[in-house]
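Chemist: predicted model follows, preceded by the sequence.
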Amino acid sequence: MNIAIILASGISLRTKTKTPKQFLKINNKTILEHSALTFINTKEINKVIIVVREEHLSKVKSIFKKYKCHNNFLYFCVGGSSRNASIKKALEFTRNNLTIKKDDIILTHDANRIFVTSKIIKDNILSCKKNKCVITGINSSDTIYKYKNKSITSTLNRDELFCSQTPQTFTYEKISKIINIKDKKIFDNSDLGTLAFSLNEKISIVQGSSLNFKITNYDDYIIAKKIMK
């Protein structure tokens, strides 16, 4: 079974909009709809769980009601105080509501990455079946510098660097181990890939896309609107 967890419980501090960015609209659909529908329409996905803030739960259920997904396919759950806390809540929801096996595949995705493709999703699933821990990413096209006190201290070889995206995909057995890491500082300030790395898990990379960017600030929203014209 392949389960997608769509993370949509942010409060959009960096976008500085009254409306949380996952509810901003592009072509008459919310950002959340755009990202979730790609997973919903990918035949390899068996279940979709959308994670939201409690005060948005009824609103999100209403938004997706019109899509009339088949029974026992689309679920909604309340997130936590951070990204990883929300993933942990979603996994608890999964255990309580679904029959889950250790080799089932869990894909986690940022709701604000609306240009994810079915190919990226399928590549994650195929890789995870072999490798158990998978991160989507792209090579850096820019020179990366390390600096201190506003002065460059060294350069990094961009051929050895990649920029992390989502989905980040794990077997249920692996993600259950990773999300229960005891180090609170790492848990609160890291993505799943960093958590896995800190536990010495072997992580494979799936090729993402430069279009699979995260709508983080208002300029990103304007760019996304122009791309979708």
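Modeler: Good, I have the coordinates. Bear in mind that the values here come from a model prediction, so they are computed numbers and not experimental data. Residues are numbered from 1 along each chain as shown.

Chemist: check what pLDDT Lys16 gets.
Modeler: On the pLDDT scale, Lys16 is placed at 61.

Chemist: for the protein, give me the ranges with low pLDDT.
Modeler: Applying pLDDT under 70 to the chain picks out residues 12-17.

Chemist: in it, where's the longest strand?
Modeler: strand 162-171 (DSSP state E).

Chemist: tell me the strands beside that one, with direction?
Modeler: strand 105-110 (antiparallel), strand 133-139 (antiparallel) (DSSP bridges).

Chemist: and the gap between the closest residue to Leu161 other than its chain neighbours and Leu126?
Modeler: Among residues not flanking Leu161 along the chain, Ser140 sits closest, at 4.6 Å (Cβ to Cβ, 6 or more residues apart in numbering). (Each C-beta comes from the backbone N, C-alpha and C, glycine too.) Separation of Ser140 from Leu126 (Cβ to Cβ, to the nearest Å): 25 Å.

Chemist: please enumerate the helices of this protein.
Modeler: Assigned by DSSP state H, the helices in the chain fall at 31-40, 57-65, 83-97, 118-131, 172-178, 184-189, 192-198, 218-227.

Chemist: quick check: bridge partners of the residue nearest the centre of the chain?
Modeler: In the chain, the residue lying closest to the centroid (Cα atoms, centre = their mean) is His109, at 1.8 Å. Beta-bridge partners recorded for His109 (DSSP bridges): Ile6.

Chemist: wait, it sits on Ile3?
Modeler: No: contact between His109 and Ile3 fails when scored by Cβ atoms under 8 Å: they sit 11.2 Å apart.

Chemist: residue contacts, the residue nearest to Leu161?
Modeler: Arg158, Leu161, Phe162, Cys163 (Cβ atoms under 8 Å, 6 or more residues apart in numbering).

Chemist: give me that answer again for 10 Å
Modeler: Ser140 makes contact with Leu156, Asn157, Arg158, Asp159, Glu160, Leu161, Phe162, Cys163 under the criterion Cβ atoms under 10 Å, 6 or more residues apart in numbering.

Chemist: out of those, which are buried?
Modeler: Taking 16 or more other Cβ atoms under 10 Å as the criterion, what is buried in those is Phe162.

Chemist: looks like Lys174 contacts Leu91 (just checking).
Modeler: No: assessed by Cβ atoms under 10 Å, Lys174 is found out of contact with Leu91, at 11.5 Å.
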